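K.L.:
The sequence and its predicted three-dimensional model are supplied below.
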Amino acid sequence: MMKQVIRALIGIVLLLAVVPLTANAAAPPSIIIDGKAFAAPKGEPAPYINKDDRTMIPIRFFAAALGVPNDENHIAWDAENRTAAIVSGDKAVYITVGKREIIVNGDIVVMDTAAEIKNGRVFIPARYLAEALGCNVQWDNEGRRVLIYTPKYLENHKAMKSGFKSDIDDPWMTEAFWAKWKNKIGVSEYGSAEVLQQRITDARKLAAKIKIERDDKNQRFTVTIPEYDDKKFYIILAAPALGTPFEPGTYHVYFKDTHPETHYVFGVRISDRQTGGYVLYSLAVYKVDGEYKFFYGSDIDKYRESVGL
């Protein structure tokens, strides 16, 4: 009898141990819109994973986060037909509860799950509404994140304007960058957005390991170049008194060695050895009005042009 009781208790403990794991597995991924986390307003139903394993979002608040004005002229509800309409700029989206089909600018788009109502709010998968409104959508499997870039954000992003790979501060936006600049020299050589994204990702990880410390007591910057795979990249540290060291190590750049005419202090560049040395990351430090200022990517050229260098 005692053995049966013990077995029953063990079974209950194991069952309880499994339940939280199941709940955690059903937790929705993070949704990032233009670099900011999306969350439904307080008191409103939050995104969830439905029975078809899709991340469902409340369309009114999600559309508003994507830049659609949250008013009846842009987001409307037809109770009789159980259909929501979202109209913004040149986009018109119609969503009917219980149906997999949504209408986008007159065209039928078939979703992989049906629209649902929860606590009085209409929900559909995040990707379909974001793409219907012209956004670029990426899935970060490792980080369990949905990353969404709105047309306005991309239009105004420095990398999208300049065409400089070194201006891509978020590797997940590489697909949109590739779509615009894939025919440019220095971009086309990568062959695909996926290859370029991986190179940008690796370069950014390498850049994060470069340590730059300002030491006012000793009147210098200390720059530490980490060990790295020189078959993939090469790092150049350039300074007036140092020349261009390539080797990993710690270097001191003294304030007194700032170039007297250009006011250039030092710069760091990560280049892609596998594609002919194209620059993937760059920074430069100049002394401007008595202050040491850091410039990155295309901002380096803009600054130099602004002062006639």
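P.N.:
Thanks, I have the structure now.

K.L.:
mean confidence for the biggest strand by length in the chain?
P.N.:
In the chain, assigned by DSSP state E, the strand with the most residues is strand 278-288. On average, the pLDDT along strand 278-288 is 97.

K.L.:
what's that strand packed up against?
P.N.:
helix 193-209, strand 264-272, strand 291-296, helix 298-306 (3 or more C-beta pairs under 8 Å, 6 or more residues apart in numbering; DSSP states H and E). The C-beta positions use only the backbone N, C-alpha and C, and glycine is treated the same way.

K.L.:
Listing partners with orientation, what would you give for the shortest one?
P.N.:
Same thing as strand 291-296. strand 278-288 (antiparallel) (DSSP bridges).

K.L.:
in the strand it pairs with, what's buried?
P.N.:
Within strand 278-288, the residues scored as buried using 16 or more other C-beta atoms under 10 Å are 278-286.

K.L.:
How far does that strand sit from its chain's centre?
P.N.:
How far strand 278-288 lies from its chain's middle: 22 Å, per C-alpha atoms, centre = their mean, to the nearest Å.

K.L.:
what does that strand rub up against?
P.N.:
164-166, 186, 189, 199-200, 203-204, 206-207, 221, 233, 258, 262-272, 292-297, 300, 303 (C-beta atoms under 8 Å, 6 or more residues apart in numbering).

K.L.:
Over to stretch 197-205?
P.N.:
Against stretch 197-205 from outside (C-beta under 8 Å, 6+ apart): 165, 168, 171-172, 174-175, 190, 232-233, 270, 272, 274-275, 280-281.

K.L.:
Out of the residues you listed, which is nearest to residue 31?
P.N.:
residue 172 (13.0 Å; C-beta to C-beta).

K.L.:
ChimeraX command to pick out the buried ones of the contacts of stretch 197-205?
P.N.:
Restricted to buried positions by 16+ other C-beta under 10 Å, the ChimeraX selection for the contacts of stretch 197-205 reads:
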select :165,168,171,172,174,175,190,233,270,272,275,280,281
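
K.L.:
Can you list which of the contacts of stretch 197-205 are found in helices?
P.N.:
If you go by DSSP state H, the contacts of stretch 197-205 have 174-175 in helices.

K.L.:
which non-adjacent residue is nearest residue 180?
P.N.:
residue 160 (6.1 Å; C-beta to C-beta, 6 or more residues apart in numbering).

K.L.:
wait, isn't the one you found in contact with residue 175?
P.N.:
No - using C-beta atoms under 8 Å as the test, residue 160 is too far from residue 175 to be in contact (11.7 Å).

K.L.:
Quick check: which element contains the spatially closest residue to residue 192 that is not a sequence neighbour?
P.N.:
The spatially closest residue to residue 192, leaving aside those adjacent along the chain, is residue 178, at 7.5 Å (C-beta to C-beta, 6+ apart). Assigned by DSSP states H and E, residue 178 belongs to helix 174-181.

K.L.:
now the angle from that helix to helix 193-209?
P.N.:
Angular relation of helix 174-181 and helix 193-209 on a 0 to 180 degree scale: 120 degrees, by axes from the mean of the first three to the mean of the last three C-alpha atoms, to 10 degrees.

K.L.:
Would you map out the domains in the chain?
P.N.:
Following automatic domain parsing, one finds the domains of the chain at 25-132, 157-309.

K.L.:
Give the buried residues for stretch 186-196.
P.N.:
Of the residues in stretch 186-196, 186-187, 190, 193, 196 count as buried by neighbour count, 16+ other C-beta under 10 Å.

K.L.:
coming back round to it: give me the common contacts of residue 160 and residue 175.
P.N.:
Joint contacts of residue 160 and residue 175 (C-beta under 8 Å, 6+ apart) do not exist.

K.L.:
circling back: could I get the buried residues of strand 278-288 as JSON lines with distance to residue 143?
P.N.:
Listed next are the buried residues of strand 278-288 as JSON lines, based on distance: C-beta to C-beta, whole Å:
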{"residue": "278", "distance to residue 143": "27"}
{"residue": "279", "distance to residue 143": "27"}
{"residue": "280", "distance to residue 143": "21"}
{"residue": "281", "distance to residue 143": "21"}
{"residue": "282", "distance to residue 143": "26"}
{"residue": "283", "distance to residue 143": "26"}
{"residue": "284", "distance to residue 143": "31"}
{"residue": "285", "distance to residue 143": "32"}
{"residue": "286", "distance to residue 143": "35"}
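
K.L.:
out of these, who's nearest residue 254?
P.N.:
Of those, the one sitting nearest to residue 254 (C-beta to C-beta) turns out to be residue 285, at 12.6 Å.

K.L.:
Now the closest one: closest residue in space, sequence neighbours ignored.
P.N.:
Closest to residue 285 by C-beta to C-beta, 6+ apart is residue 265, at 4.1 Å.

K.L.:
tally of neighbours for the one you found?
P.N.:
Using other C-beta atoms under 10 Å, residue 265 has 21 neighbouring residues.
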